[in-house]
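In: Output the structure for:
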Amino acid sequence: MQLLCFCDLYFQTLDELKGDRNLEKYRHEYEQIFRVLKKTRDNENRLKQKSRELKAEIVANSAKVSSCLKLTQDSEVTAANLKKVLYYENEDLWNVQ
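Out: Down below sits the predicted model:
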């Protein structure tokens, strides 16, 4: 049920309870229950928003990690190629002398 509909129902019921002194105790309990329900709903919405933010952060960080892994792999390949070039250049230098 939407909170707005529930609020309308709450105020309608509260008005009915205000008219009868015998129901004063129940009105007080009803008000407490509604405050707890509203607070719970607010906390749920806050947690849902935080969850969305964290999910977006995870996606962004995942992309960064993937990029770093690719750069690391490329660097390893480049380093291996440079080692080969240096090895063959040193071989050629020793063969020339």
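
In: Show me what whichever strand or helix holds Lys83 is packed up against.
Out: Assigned by DSSP states H and E, Lys83 belongs to helix 24-96. Helices and strands touching helix 24-96, as assessed by 3 or more CB pairs under 8 Å, 6 or more residues apart in numbering; DSSP states H and E, comprise helix 3-18. In short, each C-beta sits where N, CA and C put it, glycine included.

In: Mind picking out the helix or strand in the protein with the poorest mean pLDDT?
Out: helix 3-18 (a mean of 76; mean pLDDT, DSSP states H and E).

In: how far off helix 24-96 does that one point, in degrees?
Out: Put simply, helix 3-18 runs at 160 degrees to helix 24-96, going by axes from the mean of the first three to the mean of the last three CA atoms, to 10 degrees.

In: Show residues contacting helix 3-18.
Out: Residues from elsewhere that reach helix 3-18 (CB atoms under 8 Å, 6 or more residues apart in numbering): 23-24, 26-27, 30-31, 34, 37-38, 41.

In: Now do the contacts for Tyr26.
Out: With CB under 8 Å, 6+ apart, Tyr26 has these contacts: Leu17.

In: I meant Asn81, not that one.
Out: Shown in contact with Asn81 (CB under 8 Å, 6+ apart): no residues.

In: Equivalent analysis for Glu44, please.
Out: No contacts exist for Glu44 under CB under 8 Å, 6+ apart.

In: if I look at it, how far off is Glu31?
Out: Separation of Glu44 from Glu31 (CB to CB, to the nearest Å): 20 Å.

In: Kindly report the same for Val77.
Out: 69 Å.

In: Which one of the two is surrounded by more residues?
Out: Neighbour totals were compared for Val77 and Glu31, and Glu31 leads with 13 against 10 (other CB atoms under 10 Å).

In: Who's the closest spatial neighbour of that one, skipping the chain neighbours?
Out: Leaving out its chain neighbours, the residue that sits closest to Glu31 by CB to CB, 6 or more residues apart in numbering is Leu14, at 7.1 Å.
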